[in-house]
Structures are given as structure tokens and as C-alpha cells.
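Novice: I would like the atomic coordinates for the input below:
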Amino acid sequence: MTLLVTDPLYLEHHAPGHVECPERVRAILDHFTSCGLMRKLTTLQPRDATVGEIGLMHGREYIEVVKEVSARGGGWFDADTYLNGHTYAAAVRAAGGVLAAVEALRDGRDRTAFCLVRPPGHHALRERGMGFCLFNNVAIAARFLKRRVLIVDWDVHHGNGTQEMVEDDPSIWYLSTHRFPFYPGTGFEEEKGVGNIINLPMSGQTPRGEFMKRFTSAVTSAAKAFRPEFVLVSCGFDAYEEDPIGGLNLKPEDYRAMTDVVCGLGVPVVSALEGGYSLDGLGRCAEQHALGLLAG
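Specialist: Residues are numbered from 1 along each chain as shown. You can find the predicted model right below:
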């Protein structure tokens, strides 16, 4: 079985008219129910991350700012990144949801998990939220594990926050496919960290076959060189061809193919939701991903 982590609290983080909205998770869960996937997935309750756990990757002053701004009813960190009165609680449980999943897999309770968490995380910097992200859920989990962790990020945007947090840590490798040039302007192929950063920038017109060939080759080569004990996936669905703000020509079945690649490495896989804004396509893309996790 594959574990599914979600919580009603994730739906309480919202701002009027914002594309990063609760309907994203609802669209996936509704589709899972209609196609019968909910009967095949095992629900795992998330927990709240502690301040110390979030502090593995974020400064204590920044954590306190997120808490205080949320307690005042919310606000905006930049033109994209909002908080409301429930944001801090949701963000703490989003980070904790991914931690609950890695704990379960670390302890042998399953082999794969899909975390439908909000707010997302891969743009969050050590001392600043940006790009819809507050706490870097996947980076926190990678540091928490204290094992050789390969982070695979297939969101259409480069995870600048994740790269910044791990680029000096040889125990964590970061591999990103992303549209380039594109927001946030990072993710050059020449960025290598301490040999642990692998960026695969793609033009907006990259054919699906070329995308998959580069992705598969890079993941298998990284696994051979690094021999990870755990894979964490920053799972954005905004490289889907009909995504309204991203788009990299991918079809839902490509998410199954990418999932098969990471599950084929033979180590536990925890996936955490990042982007993906086509409410019509999210369910189908997530279904293919979940089927791959179930087969893994």
C-alpha cells in the first residue's frame, strides 16, 4: 500500500482569487474518490512539526515572523506569497505531514507515500518565504532523516530554496527539472554545489521524449553515483501541458513514467505536493503519480 497524508487544516490557508488555493487539494481528492484510488491508499495522519524541526532549515527569527504575521490575521511577504490567520498552523502541519511520512517509511511501515500538503515549500529560503512557499517541507525532511537523501524536483519551477539549503551538504543531493528561463531565475546547469546539485533546465518547447530521456538518464546516473537511502520528490504538477502558469508539454501519463523511474531505485519514496494549478488536470496527473507509487 501507499500512504496518503492530508488534513483539513491544509484547506484553511487561502487568499481570495489566488491560484495556490485549497481547490487544488480538493480536485485531487475528489478525483481519487471518483476513480477508486481512495480505497487503495492508506491514510496516515500528519503531525505538527516542532520549531526545532523547522529550525533544521529555517532561522528562528523567520519562524517567529511567520507565526506573528499569521496571528495578526495574515499579510503578504511578496506579490505572490500570502498568509492568513490559519497559515502558520497549516505550514507547521505541512512540514509535519512530510515528517510523519518519512518516519513511517524509515520505520518500515510502507515503501511509498504521497503528501497532499499546503502551503508548498520548495521556493522557501532559510530566512524568507517566496513563490507561494513558507517552510521548505522537503528540505526539512531531508535534513531530519540524517541519511543519504536524493531530492527529485519535477515542478516546472526551479526549487531555489531547496538548492540554497542543501548545496553545501554532501549527504543530500538535489536534482531538478524545470523550465528555463523562467521564475525564479535560478537553476543554471553550471550550478553544482559540492557536486550534489544536478539542474536540468528545459526550454518551454522541449519535446516530451527529450524531457523523459534527460530525466531518466540523470536520475539513474545520480543514483548510481550517490546510492541514496531515501528519495524525496518535490512533486509539482505544473509541467503539465495545460497548466495555466507553467507548462512543459507533459501529459498525465508522464507523471507515471517519472514515478516509475524514482520507485525503480529500490529505496523508500516520499512525495510532497508543490505546484500544479490546472484544476481540470490535477486529478489525472496525481492519479498517474499515485498509481506509480502503488506499483513501487
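Novice: part of a helix, is Asp254?
Specialist: Yes - according to DSSP: H, G, I helix; E, B strand; the rest coil, Asp254 belongs to a helix.
Novice: OK, contacts around it?
Specialist: Residues in contact with Asp254 (C-beta atoms under 8 Å, 6 or more residues apart in numbering) are Arg208, Phe211, Met212, Gln288. C-beta here means a position set from N, CA and C on the backbone, and glycine is covered the same way.
Novice: quick check: the farthest pair among the residues you listed?
Specialist: Farthest-apart pair in these is Phe211 and Gln288; separation 15.1 Å (C-beta to C-beta).
Novice: what are the ranges of the strands in the stretch 151-296 of the chain?
Specialist: Secondary structure of the stretch 151-296 of the chain (DSSP state E, counting those that start in this stretch): strands at 172-179, 197-202, 230-235, 269-273.
Novice: buried deepest among those, which one?
Specialist: Of these, the one with the most neighbours on average (mean count of other C-beta atoms under 10 Å) is strand 269-273, at a mean of 29.
Novice: ok, and what's touching that one?
Specialist: Strand 269-273 is contacted by residues 24-25, 97-98, 101-102, 105, 111-118, 120-121, 137-138, 141, 230-236, 259, 262-263, 289, 293, 296 when judged by C-beta under 8 Å, 6+ apart.
Novice: same question, stretch 221-228
Specialist: By C-beta under 8 Å, 6+ apart, stretch 221-228 touches Arg148, Val149, Leu150, Trp173, Leu175, Asn196, Ile198, Leu265, Val267.
Novice: send me that stretch as CSV with only the CA atoms.
Specialist: Output of stretch 221-228 as CSV, limited to C-alpha atoms (Å, rounded to 0.1, in the frame of the first residue of the first chain):
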residue,chain,number,x,y,z
SER,A,221,23.2,8.3,-13.1
ALA,A,222,22.8,10.2,-9.8
ALA,A,223,21.5,7.1,-8.0
LYS,A,224,24.5,5.0,-9.3
ALA,A,225,27.0,7.7,-8.1
PHE,A,226,25.3,8.6,-4.8
ARG,A,227,23.5,5.4,-3.8
PRO,A,228,20.7,7.2,-1.9
